[in-house]
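> Build me a model from this:
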Amino acid sequence: MRPIMLRQILGSGLVLLSLGVSAPPAGATLGEDASSIRADQARMQGTLQITGAAKFSVHEIRLSSGIAVRQYVSPSGMVFAVSWQGPSIPDLQQVLGRYFDQYSETVRTRGTGSAPGVSQQTGLVVQSGGHMRAFFGKVYVQQMLPHGVLVEEIQ
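Here you go, the predicted model:
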């Protein structure tokens, strides 16, 4: 099978998997207050590590499955970006919270045959890709980026 065709098939499957999630979102998701990140940790059954930087802090939840979810928190306590990497995709409804429907609409508009890549709609930027057992992505809201934070700092 050609690599482009395989990527399209995988991309279609990922879209369908992410759209089929029906669990209610937990707190500390994109655009929400960071005070309940521990609830995400408990729901994901992972370990939490917090690292601070001058312009933001990173709350990384590691799951036993090998998935790492990083929530980027501004000095005001808001989650302005989320990234992930691992052998599968995390619960995108939980990670994206109120932005999940906007993400889903972007994916539907783009079409399920499209390969994973970059989607942008009204300030929401989603970058994702990968292949079996090696997925990655990041989502951020442009207007929520703290002053001086570069997109490249979200990893």
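> Tell me where this structure is predicted with low confidence.
Of all residues in the chain, those with pLDDT under 70 make up the ranges 1-28, 107, 110-117.
> Just the buried positions in the helix or strand in which Arg43 is found, please.
In the assignment (DSSP states H and E), Arg43 maps to helix 37-44. Residues Ile37, Asp40, Gln41, Arg43, Met44 are the ones in helix 37-44 that count as buried (16 or more other C-beta atoms under 10 Å). Any C-beta I mention is one placed from the backbone N, CA and C, and that applies to glycine too.
> Over to stretch 51-62?
Going by 16+ other C-beta under 10 Å, stretch 51-62 has these buried residues: Phe56, Val58, His59, Glu60, Ile61, Arg62.
> cool, and stretch 64-81?
The neighbour-count check on stretch 64-81 (16+ other C-beta under 10 Å) flags Ile67, Ala68, Val69, Arg70, Gln71, Tyr72, Val73, Ser74, Met78, Val79, Phe80, Ala81 as buried.
> Which ones among these map onto strands?
Among the buried residues of stretch 64-81, DSSP state E puts Ala68, Val69, Arg70, Gln71, Tyr72, Val73, Val79, Phe80, Ala81 in strands.
> Make JSON lines out of these and add distance to Arg133.
JSON lines is the format used below for those (distance: C-beta to C-beta, whole Å):
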{"residue": "Ala68", "distance to Arg133": "14"}
{"residue": "Val69", "distance to Arg133": "17"}
{"residue": "Arg70", "distance to Arg133": "19"}
{"residue": "Gln71", "distance to Arg133": "23"}
{"residue": "Tyr72", "distance to Arg133": "25"}
{"residue": "Val73", "distance to Arg133": "29"}
{"residue": "Val79", "distance to Arg133": "27"}
{"residue": "Phe80", "distance to Arg133": "29"}
{"residue": "Ala81", "distance to Arg133": "24"}
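> related to what we said a few turns ago, now do the helix holding Arg43: everything it contacts.
Residues outside helix 37-44 that contact it (C-beta atoms under 8 Å, 6 or more residues apart in numbering): 26-29, 47-48, 59, 61, 63, 69, 71, 73, 79, 90-91, 94.
> Then stretch 72-83?
Residues from elsewhere that reach stretch 72-83 (C-beta under 8 Å, 6+ apart): 28-35, 37, 55-59, 69-71, 95-96, 136-141, 144-146, 149, 154-155.
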